[in-house]
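In: Structure, please.
(2 chains)
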Amino acid sequence: GESVGLHLPTLSVQEGDNSIINCAYSNSASDYFIWYKQESGKGPQFIIDIRSNMDKRQGQRVTVLLNKTVKHLSLQIAATQPGDSAVYFCAEIIPPTGNQFYFGTGTSLTVIP
Amino acid sequence: DAGVIQSPRHEVTEMGQEVTLRCKPISGHDYLFWYRQTMMRGLELLIYFNNNVPIDDSGMPEDRFSAKMPNASFSTLKIQPSEPRDSAVYFCASSLRRFSTNEKLFFGSGTQLSVL
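Out: Residues are numbered from 1 along each chain as shown, chains lettered A, B, ... in the order given. Next up is the predicted model:
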């Protein structure tokens, strides 16, 4: 069956350093991916997305990289700040559903001041 | 817009009691989703609606769970009778269109349910 998994359940980084959160997916037919950030006591919030016809997409301080060859997704956060501490989820859309996100279990990022 | 609004934020109940969770999606959104989040299983889709019609309820764990969407601005998720293993955070989310058009999913703040 389909699965979206994260390599590391927890990640600690020093404030100001760059963070890299990884995600593996199993279905090569997945065509759309999203990273969500979930702060304590809140619902997940959209960070950045990428379609399968792209390898890289940049946002404000965040970059998502997609390697379809090895079915791997990563989220890079530049100059990590204390406010970046949260759980990060990757999610994929697998055709032909088009309406359902399959979420990974999440990586907890802790930023050390 | 106030975003997706869920109530209550916290619910503590005893096993066997009926629990009703409520959701108000973002105005104009055509899709509404109910998710359950636990440490063990992460975010699981329970059911989703399109234009108030249930489309896929294959994620609903048992007949004890039911969901309704009587109009475009309101949905409920009901558990009757509740059991301790139902304890989780339940999220409601909405979106404007199918994700294949790159529409994003907007989540509410969730309902923390504890069944004793």
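In: hey, what's residue 112 bridged with?
Out: No chain was given, so I picked chain A. A:Q14 (DSSP bridges).
In: my bad, chain B
Out: Applying DSSP bridges, one finds that B:Q112 bridges with B:H10, B:V89.
In: could you list every residue that touches it?
Out: Counting by Cβ atoms under 8 Å, 6 or more residues apart in numbering or on different chains, B:Q112 touches B:R9, B:H10, B:E11, B:V89. Using the backbone N, CA and C atoms, a C-beta is placed for each residue, glycine as well.
In: Next secondary structure after the helix or strand containing A:V87?
Out: According to DSSP states H and E, A:V87 maps onto strand A:86-93. Next in sequence after strand A:86-93, counting helices and strands by DSSP H and E, comes strand A:101-103.
In: in chain A, what residue is nearest chain B?
Out: Closest to chain B within chain A is A:G43: 3.2 Å, counting by Cβ to the nearest Cβ.
In: Tell me how many other residues crowd the nearest residue to that residue once chain neighbours are set aside.
Out: Among residues not flanking A:G43 along the chain, B:F107 sits closest, at 3.2 Å (Cβ to Cβ, 6 or more residues apart in numbering or on different chains). B:F107: 24 surrounding residues under other Cβ atoms under 10 Å in any protein chain shown.
In: so what's B:F107 bridging to?
Out: Counting by DSSP bridges, the residues bridging with B:F107 are B:A93.
In: In contact with it, which residues are there?
Out: Contacts of B:F107 (Cβ under 8 Å, 6+ apart): A:G43, A:P44, A:Q45, B:V4, B:Y35, B:F91, B:C92, B:A93.
In: Take those residues and keep only those in helices.
Out: Judged by DSSP state H, the contacts of B:F107 include no members of helices.
In: got the CA positions of stretch A:58-66 in PDB?
Out: C-alpha atoms of stretch A:58-66 as PDB (Å, rounded to 0.1, in the frame of the first residue of the first chain):
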ATOM      1  CA  GLN A  58      11.600  28.000  -3.300                       C
ATOM      2  CA  GLY A  59       9.600  30.100  -0.900                       C
ATOM      3  CA  GLN A  60      10.500  32.500   1.800                       C
ATOM      4  CA  ARG A  61      13.300  30.800   3.700                       C
ATOM      5  CA  VAL A  62      12.100  27.400   2.600                       C
ATOM      6  CA  THR A  63      13.000  25.200  -0.300                       C
ATOM      7  CA  VAL A  64      11.500  21.900  -1.300                       C
ATOM      8  CA  LEU A  65      13.500  19.400  -3.300                       C
ATOM      9  CA  LEU A  66      11.900  16.500  -5.100                       C
END
